[in-house]
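Novice: need a structure here:
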Amino acid sequence: MIDLYTWSTPNGRKVSIMLEELGLPYAVHPVDIRANDQFSPEFLAINPNGKIPAIVDPEGPDGQPIAVFESGAILIYLAEKTGSRLLPADPRARTVTLQWLMFQMGGVGPMFGQAHHFLRFAPEQVPYAIARYSAEVRRLYGVMERRLGEAAFLAGSAYTIADIATYPWVDRCDYHQVDLADFPNVRRWHDALATRPPVARGMAVPAA
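Specialist: Okay, the predicted model is just below:
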């Protein structure tokens, strides 16, 4: 059974969705980032960067336990562990999937996260930061809108880890004050993923 160290954030939910999609048994260990549990010695032994999510797989590639941190790396690890269709084996399809995964890791996650911080959590209003990150959020939505106007999913015709990585961030559109009605292709994609039972189950981890 895989140990999942997580909290109810978009990055955390990527991994619980993936585990649900793969049907892998896992045990949830909530790491309350509000209480700075991510900086405990026990958790830092698993992820020295002090961020959720992280996993410990007792049956790693060599049969020995392995700890994996960084949500994108975890998605790739789990896909490769199971020979999953969520990361295609075909070199071209794999490359397309990985580039959209990195689009999320390098763009959507960091920029949406900064927008969330300055719009909802900053102790004071910083108009420049709000304008900067809100504009970048809308630009990234525009990239997804164009892509999803030509393909059913981010990597093409198949649902992949790129969609799993991006969905929890888009699902928090209220946090970054975006109306999905302004991006109909993104809304179509979001609503389709929301109907998947593994997505719904993964989004509920950890339980309240």
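Novice: show me where this protein has strands.
Specialist: For the chain, the strands identified by DSSP state E occupy 2-6, 26-30, 54-57, 66-69, in order along the chain.
Novice: relative to Cys173, which of those strands is closest?
Specialist: strand 2-6 (21.4 Å; C-beta to C-beta). Any C-beta I mention is one placed from the backbone N, CA and C, and that applies to glycine too.
Novice: that older thread, how about JSON lines for the strands of the chain, with mean pLDDT added?
Specialist: Rendered in JSON lines, the data for those read as follows (pLDDT from 0 to 100):
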{"stretch": "strand 2-6", "mean pLDDT": "98"}
{"stretch": "strand 26-30", "mean pLDDT": "98"}
{"stretch": "strand 54-57", "mean pLDDT": "98"}
{"stretch": "strand 66-69", "mean pLDDT": "98"}
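Novice: include distance to Glu124 when you put those into CSV, please.
Specialist: CSV is the format used below for those (distance: least, C-beta to C-beta, whole Å):
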stretch, distance to Glu124
strand 2-6, 30
strand 26-30, 30
strand 54-57, 32
strand 66-69, 32
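Novice: need those strands in JSON lines with mean neighbour count and distance to Pro41, can you?
Specialist: Listed next are those as JSON lines, based on neighbours: other C-beta atoms under 10 Å; distance: least, C-beta to C-beta, whole Å:
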{"stretch": "strand 2-6", "mean neighbour count": "22", "distance to Pro41": "14"}
{"stretch": "strand 26-30", "mean neighbour count": "16", "distance to Pro41": "15"}
{"stretch": "strand 54-57", "mean neighbour count": "22", "distance to Pro41": "14"}
{"stretch": "strand 66-69", "mean neighbour count": "18", "distance to Pro41": "14"}
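Novice: low-confidence ranges, the protein, go.
Specialist: Within the chain, not a single segment meets pLDDT under 70.
Novice: how close does Pro58 get to Asp179?
Specialist: Computed as C-beta to C-beta, to the nearest Å, the Pro58 to Asp179 distance reads 44 Å.
Novice: what is the burial count for the closest residue to Val96 other than its chain neighbours?
Specialist: Nearest residue to Val96, sequence neighbours excluded (C-beta to C-beta, 6 or more residues apart in numbering): Ala155, at 4.9 Å. For Ala155, the tally of surrounding residues (other C-beta atoms under 10 Å) stands at 25.
Novice: nearest spatial neighbour of Met1, chain-adjacent residues omitted?
Specialist: Setting aside the residues directly before and after it, Met1 is nearest to Pro25 in space (C-beta to C-beta, 6+ apart), at 4.6 Å.
Novice: I'd say that neighbour and Asp3 touch.
Specialist: No - between Pro25 and Asp3 there is no contact under C-beta atoms under 8 Å: 10.6 Å.
Novice: what does stretch 140-157 contact?
Specialist: Residues external to stretch 140-157 that are found in contact with it (C-beta atoms under 8 Å, 6 or more residues apart in numbering): 88, 93, 96-97, 100, 103, 107-108, 111-112, 159-160, 162-163, 166, 170, 178, 182-186, 188-189.
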